[in-house]
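S.K.: Fold the stuff below for me.
(one chain, ligands or ions: 1)
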Amino acid sequence: MDTNARREQWLGLVAAAADAAALAELDARLFGPKGEVQELVRSVTSLPKEARPAFGKAANAVKVEVEQALAARREQFARAALAQELGATDFDPTEPGPRPVRGTLHPITIVQNELVDLFTSMGFQWQDGPEVESEYFNFDALNIPGDHPARESQDTFWLREQKGLGRNLLRTHTSPVQVRTMQRLAKAGQKPPLKVIVPGRCFRSETVDKSHEHTFYQMEGLVVDRDVSTANLIHTMKTCLRVILEREVQVRLRPGFFPFVEPGFELDVNCPFCRGKGCSVCKQSGWIEILPCGMVHPNVLQQGGIDPEHYTGFAFGMGLQRVVMLRYGIDDIRQFMGGDLRFLRQFPEVAR
Ligand code: DAH
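M.R.: Numbering: from 1, shown residues only. Below you'll find the model as predicted:
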């Protein structure tokens with residue numbers, strides 16, 4: 001068989017294949033189980049011995065050459081197909097891709113972070129406490145016995161009673177962590193000074209409206225040491241409000257009643273909206289009630305294992321939503337839990 005003639009013929013067929021499908025057909029015809037190229041190579045056995053080496057060599061060379069021509073043509077078709085596909089769209093690989101949507105911090109988180117930074121810079125330590133709390137820590141240890149009217153002002157989510165474990169509830173404030181912290185200190189055999197802040201989530205069975213939420217955030221503060229006075233309390237609170245409201249502030253104290261402090265106060269700040277002149281936010285009074293606080297009641301110190309003869313303390317319980325609302329001028333507390341991204345995206349992403 002004339003290897004040269006077959007070579008010419010096959011290379012011609014490869015060159016003439018119109019598309020990838022035709023090429024695949026040709027591939028099967030030449031290299032399939034009974035393919036023409038294979039037949040040529042195999043036909044060496046029918047030749048006389050002395051003719052075999054030269055023929056075998058030539059046939060193999062043709063086989064390799066045709067194989068390569070097929071592969072090159074296949075590649076050509078693939079490239080053309082890709083170019084066509086790209087040309088058919090306006091896809092531009094040099095354009096920047098879509099930006100991933102980045103989240104922002106919740107405004108309560110922003111303000112809480114700032115407060116935590118501020119208080120830790122003043123030597124306070126961050127304390128956590130459980131959201132499912134016992135009746136003892138939430139009420140009794142805070143000088144609020146079972147029949148105390150103050151219990152009624154905190155509409156409580158009670159949990160189903162478990163035998164032998166007493167009654168549990170969703171904590172109505174962060175104050176229970178006061179006694180928890182003092183007891184931990186006493187157990188460790190340590191003595192005051194004690195300076196802690198307790199940011200955390202609280203729950204009350206409230207009807208939700210513009211200014212009430214069943215789930216809210218507080219930040220408790222507690223300082224116990226020798227000779228802690230109301231002056232220390234006022235100074236700390238003023239510093240805190242100045243930083244968080246980003247301006248010089250005036251404060252005033254009014255008596256406030258909370259069983260776990262004596263005396264107890266309502267601390268007011270001069271209204272940031274009218275600068276004290278009187279507006280609808282401060283109900284024309286020029287003052288905004290912002291921080292309940294007081295000097296820790298001796299009974300509470302005692303529950304915490306601290307001797308009230310030697311130590312005094314102050315405590316405060318800041319409603320974080322309230323502070324955030326004042327800071328950003330938000331007038332509806334429901335925004336915080338509403339999940340409306342348009343509201344949430346207005347707050348800057350802050351690096352920490
Ligand atoms: N726990 C109180 C509440 O949620 C707020 C409070 C008042 C906390 C006075 C204090 C305090 O630490 O001294 O209503």
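S.K.: Would you map the helices across this structure?
M.R.: 3-16, 20-31, 36-42, 52-88, 107-121, 135-138, 149-152, 176-187, 230-245, 298-303, 320-328, 335-338, 341-344 (DSSP state H).
S.K.: Tell me the residues on the protein that lie near the ligand, please.
M.R.: With Cβ under 6 Å from any ligand atom as the criterion, the chain meets the ligand at residues His173, Ser175, Glu220, Phe258, Val261, Gly264, Pro292, Cys293, Gly294, Ala315, Phe316, Gly317. Glycine gets a C-beta too; all of them are placed from N, C-alpha and C.
S.K.: mind listing what the last one touches?
M.R.: Going back to what we said before, that points to Gly317. Going by Cβ atoms under 8 Å, 6 or more residues apart in numbering, Gly317 touches His173, Thr174, Ser175, Gln218, Met219, Glu220, Gly221, Leu291, Pro292, Cys293.
S.K.: And stretch 73-91, what's buried?
M.R.: Judged by neighbour count using 16 or more other Cβ atoms under 10 Å, the buried positions of stretch 73-91 are Arg73, Arg74, Phe77.
S.K.: In those residues, which has the lowest confidence score?
M.R.: Among the buried residues of stretch 73-91, Phe77 has the lowest pLDDT, at 90.
S.K.: comparing the helices of the chain, which gets the lowest mean pLDDT score?
M.R.: Among the helices of the chain, helix 149-152 carries the lowest mean pLDDT, a mean of 76.
S.K.: ok, back up a step: tell me which of the helices of the chain approaches Gly164 most closely.
M.R.: Closest approach to Gly164 among the helices of the chain is made by helix 135-138 (13.7 Å; Cβ to Cβ).
S.K.: That closest one - contacts with which helices or strands?
M.R.: strand 168-170, helix 176-187 (3 or more Cβ pairs under 8 Å, 6 or more residues apart in numbering; DSSP states H and E).
S.K.: Please compute how far the last one lies from its chain's middle.
M.R.: The gap between the average C-alpha position of helix 176-187 and the chain average comes to 30 Å, counting by Cα atoms, centre = their mean, to the nearest Å.
S.K.: packing partners for it?
M.R.: With contacts taken as 3+ Cβ pairs under 8 Å, 6+ apart, helix 176-187 sits against helix 135-138, strand 194-203, strand 215-225, helix 298-303.
S.K.: got the contact list for that helix?
M.R.: By Cβ under 8 Å, 6+ apart, the list of residues contacting helix 176-187 reads 127-129, 133, 137-138, 141-142, 191-192, 194, 196, 198, 200, 220, 222, 224, 260, 296, 300-301, 303-306, 315.
S.K.: Give me the contacts around stretch 278-285.
M.R.: So stretch 278-285 is in contact with Cys271, Phe273, Cys274, Gly286, Ile288, Asp331, going by Cβ under 8 Å, 6+ apart.
S.K.: can we see that at 6 Å?
M.R.: Here stretch 278-285 makes contact (Cβ atoms under 6 Å, 6 or more residues apart in numbering) with Cys271, Phe273, Gly286, Ile288.
S.K.: What distance do you get for the first one to Gln335?
M.R.: Just to be clear, that refers to Cys271. 21 Å (Cβ to Cβ, to the nearest Å).
S.K.: now swap in the second one and tell me
M.R.: Between Phe273 and Gln335 the distance is 18 Å, computed by Cβ to Cβ.
S.K.: okay, those two: which has more neighbours?
M.R.: Higher neighbour count among Phe273 and Gln335: Gln335, with 18 against 14, using other Cβ atoms under 10 Å.
S.K.: can you tell me the residue of the stretch 201-350 of the chain closest to the ligand?
M.R.: As assessed by Cβ to the nearest ligand atom, the ligand sits closest to Gly317 within the stretch 201-350 of the chain, at 2.4 Å.
S.K.: Find me the pLDDT at that residue, would you?
M.R.: Predicted confidence (pLDDT) for Gly317: 97.
S.K.: what about it, distance to Thr3?
M.R.: Gly317 sits 99 Å away from Thr3, going by Cβ to Cβ.
S.K.: can you give me the strands in the stretch 251-352 of the chain?
M.R.: 251-255, 261-270, 287-296, 312-319 (DSSP state E, counting those that start in this stretch).
S.K.: Go through the ones you listed and pick out the most buried.
M.R.: Stretch with highest mean neighbour count among those: strand 312-319 (a mean of 24; mean count of other Cβ atoms under 10 Å).
S.K.: Just checking: what are the partner strands of that one?
M.R.: Here strand 312-319 has these sheet partners by DSSP bridges: strand 215-225 (antiparallel), strand 287-296 (antiparallel).
S.K.: Present those strands as a markdown table; the columns should include distance to Ala186 and mean pLDDT.
M.R.: A markdown table is the format used below for these (distance: least, Cβ to Cβ, whole Å; pLDDT from 0 to 100):
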| stretch | distance to Ala186 | mean pLDDT |
| --- | --- | --- |
| strand 215-225 | 11 | 97 |
| strand 287-296 | 14 | 95 |
